[in-house]
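# Fold the following and give me the result.
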Amino acid sequence: MKITTAVRRIMAALLALALVFAVGCSKEQKKDTATAGDGKKYDVIRVPTPVADATSTVLYWVGEELGYFAEQGIKLEYVGQVPSGQLVASVVAGKIDVGGAHVNRTIAGISAGAKIKAVVAQSETTEEIPHHTYITLKDSPVKGPQDMVGKKIGIATYGGCNEYIPYGYMRTGGIKDPRGKIEIIIMPDTLMEQALRQGEVDVAGFSRQLPAELRQSKEFNYLFSDFEPWGTKAGGTPLYFTEKFIKEKPDVVRRFVTAMAKTINWQNANMQKATEITAKRANVDPKQIKPRYFAPDGIITEESVTVWIDLLTEFGEIKPGIKPDQIYTNEFNPFAKK
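The predicted model follows:
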């Protein structure tokens, strides 16, 4: 599936319409508080249900297990799974209170008119634990960025990190305007490896395996990740609320951010235990859960936002002039004040 400018414009228009529709149709009532067995009242925050086949650490589950949310008087209510492309519209519509995927989706949503703001960071790229990884077969002729020209690249979605990471990698090899020089094939992560074997794609990109494992593989070669073009800057996945929620319930936001930040710091120091907690909640083998690295203290860095503002502006995905302070704030994070 080749992604044309016309398709992008249509999708941008659909996103804008979805946001307008979501705002106009949101009339559902929700319970703002819940009472525990001991009589203590908790503020309820509705979040998407983590996927049943979790393959990496789930911070919500870890924080609940450690008691960090209860400590802050917060009760998480899981309201069902929400595809990442629908998170912004679901938050704006009031279906959920918190959304969070890769920061490019947050930026695109705000550019399209969504009144949301990111308040706490989640995952962050490292060389050992990147956000996305791209692989080839062992005997593939694709060995570097210049070899990508004319090749088929399998990714799960377009218009975001999955697509731009290959472009960024190609630029490291001096290739200008890489968008028109590869063919994007959209397919689920679960089909990537088989697609490589059958020659349907030349390069497969996904987030569920680590470079160390791939380098030891007898079948696949690690080619690159988002670390190659951008280092640690471009793998951010912050959580956001609507501006209305933040204005009306700043203390709830502050306590939620505090619980998340404490969970992040604990998980970074106890990655294996965090994967075990996730595996228990998902009822899967702990070996299936891959560790993740999260931004220390849950603090959102300006560079993790500006790198994507610049990219999305350059590729015509968002309107020019979006500023970092429109996207995020660390004012509710107690660690930021240190």
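# Every contact and neighbour count from this point should use C-alpha atoms.
Noted.
# Okay, helices next: where are they in the stretch 101-250 of the chain?
103-111, 161-172, 192-197, 211-215, 227-230, 243-248, 250-269 (DSSP state H, counting those that start in this stretch).
# Using a markdown table, lay out those together with mean pLDDT.
Converted to a markdown table, these look like this (pLDDT from 0 to 100):
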| stretch | mean pLDDT |
| --- | --- |
| helix 103-111 | 95 |
| helix 161-172 | 92 |
| helix 192-197 | 94 |
| helix 211-215 | 72 |
| helix 227-230 | 95 |
| helix 243-248 | 98 |
| helix 250-269 | 98 |
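# Pick the most deeply packed of these.
helix 103-111 (a mean of 24; mean count of other Cα atoms under 10 Å).
# Need the helices of the stretch 101-250 of the chain in JSON lines (columns: distance to Thr33).
Listed next are the helices of the stretch 101-250 of the chain as JSON lines, based on distance: least, Cα to Cα, whole Å:
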{"stretch": "helix 103-111", "distance to Thr33": "27"}
{"stretch": "helix 161-172", "distance to Thr33": "36"}
{"stretch": "helix 192-197", "distance to Thr33": "43"}
{"stretch": "helix 211-215", "distance to Thr33": "44"}
{"stretch": "helix 227-230", "distance to Thr33": "42"}
{"stretch": "helix 243-248", "distance to Thr33": "15"}
{"stretch": "helix 250-269", "distance to Thr33": "11"}
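# Of those, which is nearest Thr125?
Minimum separation from Thr125 across the helices of the stretch 101-250 of the chain (Cα to Cα) falls at helix 227-230, 6.7 Å.
# Can you name every helix or strand that that closest one contacts?
Helix 227-230 sits against helix 161-172, with contacts defined as 3 or more Cα pairs under 8 Å, 6 or more residues apart in numbering; DSSP states H and E.
# quick one: the helix it packs on to helix 103-111, angle?
110 degrees (axes from the mean of the first three to the mean of the last three Cα atoms, to 10 degrees).
# Distance from helix 161-172 to the middle of the chain?
Relative to the centre of its chain, helix 161-172 is centred 16 Å away, using Cα atoms, centre = their mean, to the nearest Å.
# returning to what we had before: so for Ile327, which of the helices of the stretch 101-250 of the chain sits nearest?
That would be helix 103-111 among the helices of the stretch 101-250 of the chain, by Cα to Cα, at 6.3 Å.
# What helices and strands are in contact with that closest one?
Short answer (3+ Cα pairs under 8 Å, 6+ apart): helix 103-111 packs on helix 87-93, strand 116-120, helix 302-314, helix 324-327.
# got a markdown table for those, with mean pLDDT, distance to Thr136 and mean neighbour count too?
Shown next, in a markdown table, are the helices and strands packed on helix 103-111 (pLDDT from 0 to 100; distance: least, Cα to Cα, whole Å; neighbours: other Cα atoms under 10 Å):
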| stretch | mean pLDDT | distance to Thr136 | mean neighbour count |
| --- | --- | --- | --- |
| helix 87-93 | 96 | 31 | 25 |
| strand 116-120 | 98 | 35 | 26 |
| helix 302-314 | 95 | 25 | 18 |
| helix 324-327 | 98 | 35 | 17 |
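# Which one, of those, ends up nearest to Tyr169?
Of all the helices and strands packed on helix 103-111, helix 302-314 comes closest under Cα to Cα, at 13.2 Å.
# The residue lying closest to Lys337 once chain neighbours are set aside and Ile300, how far apart?
If the residues on either side of it in the chain are set aside, Lys337 comes closest to Glu331, at 7.9 Å by Cα to Cα, 6 or more residues apart in numbering. The gap separating Glu331 from Ile300 is 10 Å, by Cα to Cα, to the nearest Å.
# related to what we said a few turns ago, right, and the helices and strands packed on helix 103-111 - which one's nearest Phe69?
Among those, the nearest to Phe69 by Cα to Cα is strand 116-120 (14.5 Å).
# what sits up against that closest one?
If you take Cα atoms under 8 Å, 6 or more residues apart in numbering as the criterion, strand 116-120 is touched by 92, 106, 110, 238-243, 257, 260-261, 298-300, 326-333.
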